[in-house]
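Trainee: Dropping a prediction and its sequence here:
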Amino acid sequence: MRLFVAIALLGLGSICCKVPNTTVQTVDGRSTLRVVGAPAGAILCLDGKPVGNAVAFAGDPNVLSVEPGTHLIEIRSGGSTLLSQRVFFGGGEMRSIIVPREVN
């Protein structure tokens, strides 16, 4: 009988003393930019500042995280600008910039 009472009290204690489990997740509100068709050696610039080799941000696997707002996106190669475009990023979206092929 004592064993039964002890087991019942342990079971009752675990039911009554449960603490709520809360999970908090934060969502990154930044958008992402993917560069398609950039030639080797081209540089990606965001708002006039170079951020790296444009080919590195082709989405395989890397993309550039961009804060919400309007930004100037440029692709530069060998002293010339291959692409210059103002793009609005609303937040949480993925944008692709396609670099046009050079016409000979």
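Mentor: Perfect, thanks for sending it.
Trainee: Could I get the full set of strands for the chain?
Mentor: All strands of the chain, identified by DSSP state E, fall at 31-36, 43-46, 49-53, 64-66, 69-77, 80-89, 94-98.
Trainee: Dump these to CSV, plus mean neighbour count and distance to Pro20.
Mentor: In this view, the C-beta of every residue, glycine as well, is placed from N, C-alpha and C. Below are the strands of the chain laid out as CSV (neighbours: other CB atoms under 10 Å; distance: least, CB to CB, whole Å):
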stretch, mean neighbour count, distance to Pro20
strand 31-36, 19, 35
strand 43-46, 19, 43
strand 49-53, 13, 44
strand 64-66, 17, 34
strand 69-77, 17, 38
strand 80-89, 13, 37
strand 94-98, 15, 36
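Trainee: So for Asn21, which of the ones you listed sits nearest?
Mentor: Set against Asn21 and scored by CB to CB, the strands of the chain come closest in strand 64-66, at 30.9 Å.
Trainee: tell me which residues form a beta bridge with the residue nearest to Leu82 when sequence neighbours are not counted?
Mentor: Spatial nearest neighbour of Leu82, chain neighbours left out: Ile75 (4.5 Å); criterion: CB to CB, 6 or more residues apart in numbering. Counting by DSSP bridges, Ile75 is bridged to Leu44, Leu83.
Trainee: picking that back up, make TSV out of the strands of the chain and add distance to Thr22 and mean pLDDT.
Mentor: As requested, the strands of the chain are exported to TSV (distance: least, CB to CB, whole Å; pLDDT from 0 to 100):
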stretch	distance to Thr22	mean pLDDT
strand 31-36	29	95
strand 43-46	37	97
strand 49-53	38	97
strand 64-66	28	94
strand 69-77	33	96
strand 80-89	32	95
strand 94-98	30	93
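Trainee: Can you redo those strands as CSV, where the extra columns are distance to Asn21?
Mentor: Output for those, formatted as CSV (distance: least, CB to CB, whole Å):
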stretch, distance to Asn21
strand 31-36, 32
strand 43-46, 41
strand 49-53, 41
strand 64-66, 31
strand 69-77, 37
strand 80-89, 35
strand 94-98, 33
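Trainee: Run through the residues that contact His71.
Mentor: Taking CB atoms under 8 Å, 6 or more residues apart in numbering, we find His71 in contact with 46-47, 86-87, 89.
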